[in-house]
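Trainee: what's the 3D shape of this:
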Amino acid sequence: MRRKAAVKVPKVLAAVAKPTAAVYVRMSTDNQNHSISHQLHCISEYAERHGIDIVKTYTDEGRSGLDFSSRPGLRCLIEDVQSGVAPFQSILAYDISRWGRFQDLDESAYYEYICRRAGVAIVYCAEDFENNGSSVSSIIKSVKRAMAAEYSRELSSKVFAAQCRFVEMGFKQGGRAGFGLRRIPISSSGKAKQALGFGERKNHPTDRVLLVPGPSDELEILRGIFDWYVLEKLSESEIAFLLNAMEAPRECGRAWTRDCVRDVLTNEKYIGNIIYNRASFKLRKHHIENPTSMWIQRIGAFPPLIPVTLFRKAQQERKHRLAPIPKEELLAMLRNLHEKHGKVTTMLIDQDDALPNSQMFAYYFGTMLEAYALAGLPPTNEHKFVATRKIVRTVRAETHERIVELIANTGVSQVNGSSRNTLLLDDRFVLKITIARCLYEKQAPPRWRIRLDEESRCDFVLAVLLDLENTRASTFYLFPKADFLKVQITLTEANIHNMEQYRYPSLKTIFEGRPTTNIPPHC
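Mentor: Below you'll find the predicted structure:
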């Protein structure tokens, strides 16, 4: 019997997928030993030894580990983890300090917990313990986090002490030079290097920076700013306008503003002084304005750009302008302005160079309406309009609520219209509500203006007239849109009898169900 040949079955090897991981690396300027390349090299070796496939890398280069907000790499990592679709099962970090030097130890643990809750483990590749959630690892992590935070605190104190010493030696500590000044790096051997441009940094950490006068054209403009302020009595805003009009260049290339001019007028670097530690933002916790006793100063660090006497006059002028003005004096100013023009408006106040701006009056008295009242002056229609705005809103809401109630009692269907001031009745008629204030203009008798936009689509206009004091609803008029021939109707005591056919003493009488030629019969 012929033997059947054996069938060869190919051997199928089931492919085992490697575990995937993301990498988080961070480097701050305070620790160059843990550079990005060094961290990536160590993490790659760890992943290779443990058979882990790296699928994504998150980097914070030149970022402090003190806070979360200034680290876009870590923020993006947390967002991907919380999305639930992160393509990795773990996160590889070099050590606990690279994860963060948070001053609140619970904050560091919180971000790790967010990842663990989403099923993503944190692995510290260079640490000598396994981050497996055991009691031992938790204790070690707490100690390491405290050490990382303490390192930042100690480093901050040492750096601050060094910066104070360099200021006392006449060197500038960080920041831009300012208009009319230039930064010159000085090497450790005392050799001056090329001046730094805007946004440029010194190329060696041991270099120090001196401030020197800039080009002559900038120095001329700088002197002009002080002359305009002290001699011509121009405001900071007016000086900024002049500088922009003459296209005076700024260090950053942007337009001059009031704040820029104020910085020039108040900064003592323009008389050769360096002042440091005016404000503190240590460990990125709280921004604090320090008292003058805590300032670090070096007087005469370089030649002044502005005569000291002129600078001091500018400070005196500024102090005089900012000095509080007695309220009675402010009220007398308003009365004098009223005698001069026969009225007082915010525009007239702002145009008068002898007066403070209208914002100061509003600041001292709460509102311009209150200032007018205390000065014994009649308020303008503009301020009356603002003062009655709340009343108009209340009357409109009450009217809308009452109309809805009355229409419901008639059995007519209603829904809100295209705007908050309209109602759709029986799916056919659109009723629009408008509120008219009582207006007083010059010597004219009181009047009410009923306005209707040309684009308004409605069938009836319910006009609510306020009383003479604009405190409550007084009279109601119901106009068919067909009879509303103009965009605006003005009612006065003289012509009000011509509108009697549209007038109703109360809302209730409008919806009592009596048919008229002006109201839909079913209303």
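
Trainee: Next, count neighbours for the closest residue in space to residue 471 that isn't next to it in sequence.
Mentor: Sequence neighbours aside, residue 391 is the residue nearest to residue 471 in space, at 6.4 Å (criterion: C-beta to C-beta, 6 or more residues apart in numbering). Using the backbone N, CA and C atoms, a C-beta is placed for each residue, glycine as well. Residue 391 has 17 neighbours, counted by other C-beta atoms under 10 Å.

Trainee: Touching, residue 391 and residue 466? I think so.
Mentor: Yes: counting by C-beta atoms under 8 Å, residue 391 touches residue 466, with 7.3 Å between them.

Trainee: tell me which element the residue nearest to residue 471 falls in.
Mentor: helix 389-410 (DSSP states H and E).

Trainee: other SSEs contacting that helix?
Mentor: With contacts taken as 3 or more C-beta pairs under 8 Å, 6 or more residues apart in numbering; DSSP states H and E, helix 389-410 sits against strand 414-416, strand 422-425, strand 429-436, strand 460-466, strand 473-480, helix 507-510.

Trainee: Which one, of these, ends up nearest to residue 241?
Mentor: Each of these has some distance to residue 241 by C-beta to C-beta; the shortest is strand 429-436, at 41.4 Å.

Trainee: Just the angle for that closest one relative to strand 473-480, thanks.
Mentor: Angle of strand 429-436 versus strand 473-480, following axes from the mean of the first three to the mean of the last three C-alpha atoms, to 10 degrees, is 140 degrees.

Trainee: Could you list the low-pLDDT ranges of this protein?
Mentor: Along the chain, segments meeting pLDDT under 70 span 1-16, 29-34, 281-287, 379-387, 441-443, 452-456, 482-487, 496-497, 511-523.

Trainee: for it, longest helix please?
Mentor: When the chain is parsed with DSSP state H, its longest helix is helix 135-168.

Trainee: and the helix or strand just after that one, what does it pack onto?
Mentor: Of the helices and strands lying after helix 135-168 in sequence (DSSP H and E), the nearest is strand 181-186. Other helices and strands packing on strand 181-186, by 3+ C-beta pairs under 8 Å, 6+ apart, are strand 208-213.

Trainee: coming back round to it: mutual contacts of residue 391 and residue 466, please.
Mentor: residue 472 (C-beta atoms under 8 Å, 6 or more residues apart in numbering).

Trainee: picking up where we left off before, pull out the buried residues from the longest helix of the chain.
Mentor: 140-141, 144-145, 148-149, 152, 160, 163, 166-167 (16 or more other C-beta atoms under 10 Å).

Trainee: what does stretch 420-439 give?
Mentor: Under 16+ other C-beta under 10 Å, the buried positions of stretch 420-439 are 421-425, 429-439.

Trainee: now do stretch 186-198
Mentor: Those would be 186, 196, for stretch 186-198 by 16+ other C-beta under 10 Å.

Trainee: One more: stretch 65-72?
Mentor: Those would be 65-67, 71, for stretch 65-72 by 16+ other C-beta under 10 Å.

Trainee: got it, and stretch 251-271?
Mentor: 251, 256, 260-262, 264-265, 269-271.

Trainee: Am I right that residue 432 is in contact with residue 422?
Mentor: Yes: counting by C-beta under 8 Å, residue 432 does reach residue 422; the two are 5.0 Å apart.

Trainee: Spit out the residues that contact these two alike.
Mentor: Jointly contacting residue 432 and residue 422 under the rule C-beta under 8 Å, 6+ apart are residue 458.

Trainee: which ones are touching the nearest residue to residue 432 once chain neighbours are set aside?
Mentor: Distances taken as C-beta to C-beta, 6+ apart put residue 458 closest to residue 432, at 4.0 Å, once the chain neighbours are dropped. By C-beta under 8 Å, 6+ apart, residue 458 lies in contact with 417, 422, 430-432, 452, 481.

Trainee: picking up where we left off before, dump the helices and strands packed on helix 389-410 into CSV; add distance to residue 209 as well.
Mentor: Conversion of the helices and strands packed on helix 389-410 to CSV gives the following (distance: least, C-beta to C-beta, whole Å):
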stretch, distance to residue 209
strand 414-416, 66
strand 422-425, 67
strand 429-436, 65
strand 460-466, 67
strand 473-480, 71
helix 507-510, 76
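
Trainee: Select, out of the ones you listed, the one closest to residue 500.
Mentor: Nearest to residue 500 among the helices and strands packed on helix 389-410 is strand 473-480 (9.7 Å), distances taken as C-beta to C-beta.

Trainee: How far does stretch 255-265 sit from its chain's centre?
Mentor: Counting by C-alpha atoms, centre = their mean, to the nearest Å, stretch 255-265 is centred 20 Å from the centre of its parent chain.

Trainee: Surely residue 133 is within a helix?
Mentor: No: judged by DSSP: H, G, I helix; E, B strand; the rest coil, residue 133 forms no part of a helix; its state is coil.

Trainee: any idea how far residue 509 is from it?
Mentor: Shown here: residue 133 relative to residue 509, a distance of 77 Å by C-beta to C-beta, to the nearest Å.

Trainee: swap in residue 367?
Mentor: On the measure of C-beta to C-beta, residue 367 and residue 509 end up 38 Å apart.

Trainee: same check, this time on residue 123
Mentor: Where residue 509 is concerned, residue 123 sits at a distance of 80 Å (C-beta to C-beta).

Trainee: Farthest pair within the buried residues of stretch 251-271?
Mentor: Spanning the widest gap among the buried residues of stretch 251-271 are 256 and 271, at 21.1 Å by C-beta to C-beta.

Trainee: In contact with residue 378, which residues?
Mentor: residue 372.

Trainee: Please list the outside residues in contact with stretch 54-65.
Mentor: Contacts of stretch 54-65 (C-beta under 8 Å, 6+ apart): 20-30, 36, 40, 43-44, 47, 70-74, 76-77, 87-88, 92, 97-102, 148, 152, 284.

Trainee: residues of it that come out buried?
Mentor: So, applying 16+ other C-beta under 10 Å, buried residues of stretch 54-65: 54, 56, 58-60, 63-65.

Trainee: which one of the residues you listed is nearest residue 324?
Mentor: When the buried residues of stretch 54-65 are ranked by distance to residue 324 (C-beta to C-beta), residue 64 comes first, at 41.8 Å.

Trainee: I figured residue 468 was touching residue 439, is that so?
Mentor: No: with contact defined as C-beta under 8 Å, residue 468 does not reach residue 439; the gap is 10.6 Å.

Trainee: which stretches of the stretch 201-350 of the chain form helices?
Mentor: Using DSSP state H, counting those that start in this stretch, the helices of the stretch 201-350 of the chain run over residues 216-230, 236-245, 258-266, 308-322, 327-341, 346-351.

Trainee: next one: the fifth one to chain centre, how far?
Mentor: Put plainly, it is helix 327-341. 36 Å.

Trainee: Any figure for the gap between the residue nearest to residue 471 and residue 472?
Mentor: 8 Å.

Trainee: Need the residues touching each of these two.
Mentor: Residues touching both residue 391 and residue 472 by C-beta under 8 Å, 6+ apart: residue 466.

Trainee: how far away is residue 329 from residue 369?
Mentor: According to C-beta to C-beta, residue 329 and residue 369 sit 20 Å apart.

Trainee: for residue 231, that is, sorry about that
Mentor: Distance of residue 231 to residue 369, given as C-beta to C-beta: 38 Å.

Trainee: Among these two, which residue is more densely surrounded?
Mentor: Taking other C-beta under 10 Å, residue 231 and residue 369 do not tie; residue 369 has more neighbours (17 against 11).

Trainee: you'd agree the more buried one is in a strand?
Mentor: No: counting by three-state DSSP, residue 369 is not part of a strand but helix.

Trainee: shift numbering so it begins at 21
Mentor: That works, and once the first residue is 21, the last one we named lands at residue 389.
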